[in-house]
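**Q** structure, please.
(chains A and B)
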Amino acid sequence: SQQGEEDPQALSIQEGENATMNCSYKTSINNLQWYRQNSGRGLVHLILIRSNEREKHSGRLRVTLDTSKKSSSLLITASRAADTASYFCATYAGGTSYGKLTFGQGTILTVHP
Amino acid sequence: GAGVSQSPRYKVAKRGQDVALRCDPISGHVSLFWYQQALGQGPEFLTYFQNEAQLDKSGLPSDRFFAERPEGSVSTLKIQRTQQEDSAVYLCASSLRRTGDYNQPQHFGDGTRLSIL
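**A** Numbers count the residues shown, from 1 in each chain, chains lettered A, B, ... in the order given. Sure thing, here's the model as predicted:
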């Protein structure tokens, strides 16, 4: 079953604007990861944030994690048409989970040129 | 080097037929995962291999689903007596696990889109 929910389900913006996607999860985690999926393709890893981290940056991406609220957000700054894709958060619970990821339902991002 | 390769990309089968889906992970990757992705949903875990050992098969939906990785590299997911609800995209992912460290990204193939008629 899905770990949690992503919000919004769909987001439509103009090129150059910022895009923010939120993810909530239900159980305690070891890390949280964000992936991008272009239509008809596999998932591409974007960024990983560990449970003891609060914020992480990678290029135009900024991820925050609030373990007390069991939530994370992904900010894409200065968006481009090429950022159009589905974005998924995924959690790793640790312990004997063997790296198994539990995904949210995703946010569909459309960036208009 | 090459990424994760899955074949076939598309598979159409009649209900009741058996199908086999192949995954070629990145060379040297120890961990291999299978996920099932229904239309409009996020992937759901099916099974996990560490080398040739299947350490977690808790996500396999029924005993019609079987996976193997006999030599610790290529993996095959087999579905017997397929049913319409098996229609989905099946994704394979691999990662290079260092002992005790699962804080690593997973590298996904483009998936096999399975349609059961």
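**Q** what does residue B:74 show for phi and psi?
**A** When read as degrees, to the nearest 10, the backbone of residue B:74 gives phi -60, psi 140.
**Q** identify the bridge partners of the closest residue to residue A:10 other than its chain neighbours.
**A** Among residues not flanking residue A:10 along the chain, residue A:108 sits closest, at 4.5 Å (C-beta to C-beta, 6 or more residues apart in numbering or on different chains). For every residue, glycine as well, the C-beta is placed using N, CA and C. On the basis of DSSP bridges, residue A:108 is bridged to residue A:10, residue A:86.
**Q** can you list the residues of chain B near chain A?
**A** By C-beta under 8 Å from any C-beta of the partner chain, the part of chain B that sits against chain A consists of B:4, B:31, B:33, B:35, B:40-45, B:48, B:50, B:55-56, B:59, B:91, B:93, B:95, B:97, B:102-111.
**Q** quick one: residue A:41 from residue B:108, how far?
**A** Separation of residue A:41 from residue B:108 (C-beta to C-beta, to the nearest Å): 9 Å.
**Q** more neighbours: these two, which one.
**A** Legend: neighbour count by other C-beta atoms under 10 Å in any protein chain shown for residue A:41 and residue B:108, higher for residue B:108 (23 against 14).
**Q** tell me if I'm right that the more buried one and residue B:91 touch.
**A** Yes. Using C-beta atoms under 8 Å, residue B:108 makes contact with residue B:91 at a distance of 5.6 Å.
**Q** which neighbours do the two share?
**A** A:42-43 (C-beta atoms under 8 Å, 6 or more residues apart in numbering or on different chains).
**Q** which parts of chain A sit against chain B?
**A** Residues of chain A lying close to chain B by C-beta under 8 Å from any C-beta are A:1-2, A:30-31, A:33, A:35, A:40-45, A:48, A:50, A:88, A:90, A:92, A:94, A:97-106.
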